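Enquirer: Sequence first, then the predicted structure, then my questions.
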Amino acid sequence: MGLKRVSIALSAFMLLGAGAAWSAEISGKSSTQLLWYNNEFTEDRVFEAAQYLRVNVTKVDKEGKLSFFAYGRAAQTFGADHDTTGRLYYFYADYRDLADKADIRFGRQFASNASGNVLLDGLKVDLKNIGPVGFSSFVGRDVVYGLNGEIGNTFNTDLGISAYLAGFRKTDLELSWLRKWEQSEITRDILGGSFKQYLFNTVKLYGNTKYDLVSESFTESLVGAKVFPTADLVVTAEYYKSYPTFDTTSIYSVFAVNKFQEALARVDYTVSEKLALNLGYNRQWLDEGDNIDQYHIGAAISPIKHLKLNIELDNQTGYYGNTKGFMADVDYEISKEAQVACGVTYDVYQRDALTHDEIARRYWLGGKYKLAKNMALSGRVQNDVNARYSENVSGRLVFDYDF
């Protein structure tokens, strides 16, 4: 969607809110950003001005059931290219508690269930307060963004249906179905499920899975557990397995793909208000017997009241070489209005036994200053130095206004 269409849509939205019933309340956030970076595709230096705008119009009717929400981005680049782009992320009307049984959304919106998520122009309905099971469904035109705006056909369609347990404080369970069409041809047909269960106030079990009806295979599966015997200690264990699939209309759907498996264990421990530690291990299995082992240790330190230091050390061995490195950042609150931060990332990697070690570094400096209760100015500058760039400076300057 172009800049002109985004501007018209958001302007009309604000006028609609201003002309709504006497009880309407308008709130939102404006974020004006100046960015500079290297275009990875053309190697050109780019300067970009972007405007993000989020608008909420609530309490439109006397009962407070009807609301409108919008969020979009408009941008202008300068330099070798002078592209003007716009994206409307969402723009919908929301009506809640219809007959105390249904919530309805209409317009451009993000919708999801256990089978997947989509951005669509259409309708979403949630049925509730009808017993131990609730139902949700959405249908509409599939919205896909490319580098320069929306792509895809007007008649591409998304349909999702799900059923879930309702009213169980320690148990969540959902079964769902998602189908996508490219004009009249089915491109995705997925069944999904997810669950969450709390036990003894110290254990959380969770998982989700997706089954592709076209390829007759499980494309994703995750099971995990979190154990928190005390408020200061959390132990996490997960197992994940995936088998990539593509839209049936994609050329990649005819290629062979590899299965992927991953298991991880992690411990987070808060020693005191000044020190928190975390330790983790990750094991990845690839096809043809290739494996990857990853080790991680981190610490969050606050030696004085307004100073925070985060340090993370990582080491990876196995398939496609070895990598080891660290990441550190410092955050200091000068006052209630001003904060500064800086950090560094340093990685040493070796792709195979016949090559030398290569080094990738990132240095950054940032800060934030509150001009008023609802206004803030922030910025960040960073430099990336690696095998590709001897210098790659990028940054952003942001003015945020809450209304």
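Expert: Alright, I've got the coordinates.

Enquirer: And what about residue 335, helix, strand or coil?
Expert: Here residue 335 is coil, with the state taken from DSSP: H, G, I helix; E, B strand; the rest coil.

Enquirer: Distance check, it against residue 366.
Expert: Distance of residue 335 to residue 366, given as Cβ to Cβ, to the nearest Å: 16 Å. Just so you know, the C-beta spots here come from the backbone N, C-alpha and C atoms, and that holds for glycine as well.

Enquirer: more crowded one of the two?
Expert: Each of residue 335 and residue 366 has its neighbours counted (other Cβ atoms under 10 Å); residue 366 has more, 18 against 9.

Enquirer: residues contacting that one?
Expert: Neighbour list for residue 366: 340, 341, 342, 378, 379, 380, 381 [criterion: Cβ atoms under 8 Å, 6 or more residues apart in numbering].

Enquirer: so it is in which element?
Expert: Taking DSSP states H and E as the criterion, the element that holds residue 366 is strand 358-372.

Enquirer: I'd like to know which elements whichever helix or strand comes after that strand is packed against.
Expert: Later in the chain than strand 358-372, the nearest helix or strand by DSSP H and E is strand 375-385. Packing partners of strand 375-385 (3 or more Cβ pairs under 8 Å, 6 or more residues apart in numbering; DSSP states H and E): strand 358-372, strand 393-402.

Enquirer: Now do strand 375-385 against strand 393-402: the angle between them, please.
Expert: 160 degrees (axes from the mean of the first three to the mean of the last three Cα atoms, to 10 degrees).

Enquirer: Okay, now the sheet partners of strand 375-385, with direction.
Expert: Sheet pairing for strand 375-385, assigned by DSSP bridges, gives strand 358-372 (antiparallel), strand 393-402 (antiparallel).

Enquirer: Can I get those in TSV including distance to residue 286 and mean pLDDT?
Expert: Conversion of these to TSV gives the following (distance: least, Cβ to Cβ, whole Å; pLDDT from 0 to 100):
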stretch	distance to residue 286	mean pLDDT
strand 358-372	22	96
strand 393-402	33	97
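
Enquirer: Residue 124: which of those strands is closest?
Expert: Taking Cβ to Cβ, strand 393-402 is the member of the strands paired with strand 375-385 nearest to residue 124, at 27.2 Å.

Enquirer: And the furthest pair within the contacts of residue 366?
Expert: That would be 342 and 378, which, of the contacts of residue 366, are the farthest apart (Cβ to Cβ) at 13.8 Å.

Enquirer: ok, back up a step: select, out of the helices and strands packed on strand 375-385, the one closest to residue 74.
Expert: With Cβ to Cβ, the closest approach to residue 74 among the helices and strands packed on strand 375-385 belongs to strand 393-402: 15.0 Å.

Enquirer: residues making contact with that closest one?
Expert: Strand 393-402 has contacts (Cβ under 8 Å, 6+ apart) with 27-38, 374-384.

Enquirer: Now the buried members of those residues.
Expert: Listed as buried from the contacts of strand 393-402 are 28, 31, 33, 35-36, 38, 376, 378-382, 384; burial here means 16 or more other Cβ atoms under 10 Å.

Enquirer: quick one: buried residues of the strand holding residue 366?
Expert: In strand 358-372, counting by 16+ other Cβ under 10 Å, buried: 360, 362, 364, 366, 367, 368, 370.

Enquirer: these two touch, right, residue 104 and residue 123?
Expert: Yes: applying Cβ atoms under 8 Å as the test, residue 104 and residue 123 come out as touching, 7.3 Å apart.

Enquirer: coming back round to it: is it possible to get CSV of the helices and strands packed on strand 375-385 that adds distance to residue 280?
Expert: As requested, the helices and strands packed on strand 375-385 are exported to CSV (distance: least, Cβ to Cβ, whole Å):
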stretch, distance to residue 280
strand 358-372, 21
strand 393-402, 29
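
Enquirer: wait, which of these is closest to residue 167?
Expert: Once Cβ to Cβ is applied to the helices and strands packed on strand 375-385, the stretch that comes out nearest is strand 393-402, at 35.4 Å.

Enquirer: which stretches of the stretch 251-400 of the chain have low pLDDT?
Expert: Scanning the stretch 251-400 of the chain for pLDDT under 70 picks out 352-355.

Enquirer: for the stretch 1-150 of the chain, same thing?
Expert: Per-residue confidence for the stretch 1-150 of the chain (pLDDT under 70) gives these ranges: 1-22, 80.

Enquirer: Just the helices from it, written as ranges.
Expert: Remark: helices assigned in the stretch 1-150 of the chain by DSSP state H, counting those that start in this stretch are 3-18.

Enquirer: can you give me the strands for it?
Expert: In order along the chain, the stretch 1-150 of the chain carries the following strands (DSSP state E, counting those that start in this stretch): 25-38, 45-58, 66-79, 84-98, 102-113, 116-127, 133-142, 144-146, 149-151.
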